[in-house]
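Novice: Quick one: sequence plus predicted model below, questions after.
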Amino acid sequence: QLQLVESGGGLVQPGGSLRLSCAASRFTSDYYAIGWFRQAPGKEREGVSCVSKGSSSTNYADSVKGRFTISRDNAKNAVYLQMNSLKSEDTGIYYCAAERNLIGLCTLSQNAYGSWGQGTQVTVSS
């Protein structure tokens, strides 16, 4: 089973930036659609961003458009989520997820993804 590892979370002040990474040991990332999801305290997990197989398309939740950017580095088998202009409401545990059988446009629906990481905590607070 594919294992994913997120990193890069931490404590940042409002307006600051973080870059999250998602890596896997046997991961040719371009063969998988990758999604980033987050779960705030007391709330359901929600989709944040995704990139399709082959990186032909990306998608973002309305709440992060213009602030977050998803990207791949196939040479490093990694997918990144660059988060700028962070707000307190961005606080939560961030998860990456992968799915090889997701063809075409990626989706922010968590049910479409079969492999998940353990998450990394992002806290935006002054």
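Specialist: Happy to help now that I have it. Numbers count the residues shown, from 1 in each chain.
Novice: Okay, and the most centrally placed residue in the chain sits in which element?
Specialist: Nearest to the geometric centre of the chain sits W36, at 2.3 Å (CA atoms, centre = their mean). Per DSSP states H and E: W36 is located in strand 33-39.
Novice: can you list contacts of that strand?
Specialist: 20, 22, 45-53, 70, 72, 79, 81, 90, 92-100, 102, 106-108, 110, 112-113, 119, 122 (CB atoms under 8 Å, 6 or more residues apart in numbering). C-beta coordinates here come from the backbone N, C-alpha and C atoms, glycine included.
Novice: Just the buried residues of these.
Specialist: 20, 22, 45, 47-53, 70, 72, 79, 81, 90, 92-99, 102, 106-108, 110, 112-113, 119, 122 (16 or more other CB atoms under 10 Å).
Novice: Most distant residue from the centre of this structure?
Specialist: Most peripheral residue of the chain (CA atoms, centre = their mean): S126, 23.6 Å.
Novice: Count the neighbours of the closest residue to that residue other than its chain neighbours for me.
Specialist: Nearest residue to S126, sequence neighbours excluded (CB to CB, 6 or more residues apart in numbering): Q13, at 5.3 Å. Using other CB atoms under 10 Å, Q13 has 10 neighbouring residues.
Novice: Surely Q13 is in contact with D90?
Specialist: No - the criterion here is CB atoms under 8 Å, and Q13 misses it with D90 at 11.8 Å.
Novice: Could you name every residue contacting both of those two?
Specialist: With CB under 8 Å, 6+ apart, Q13 and D90 have common neighbours V124.
Novice: returning to that earlier point: could I have the strand holding W36 exported to CSV, CA atoms only?
Specialist: Taking Å, rounded to 0.1, in the frame of the first residue of the first chain, the C-alpha atoms of strand 33-39 are listed here in CSV:
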residue,chain,number,x,y,z
ALA,A,33,-3.7,12.5,-8.7
ILE,A,34,-2.8,14.2,-5.5
GLY,A,35,-5.1,16.1,-3.2
TRP,A,36,-4.5,18.2,-0.1
PHE,A,37,-7.2,18.2,2.5
ARG,A,38,-7.5,19.8,5.9
GLN,A,39,-9.5,19.4,9.1
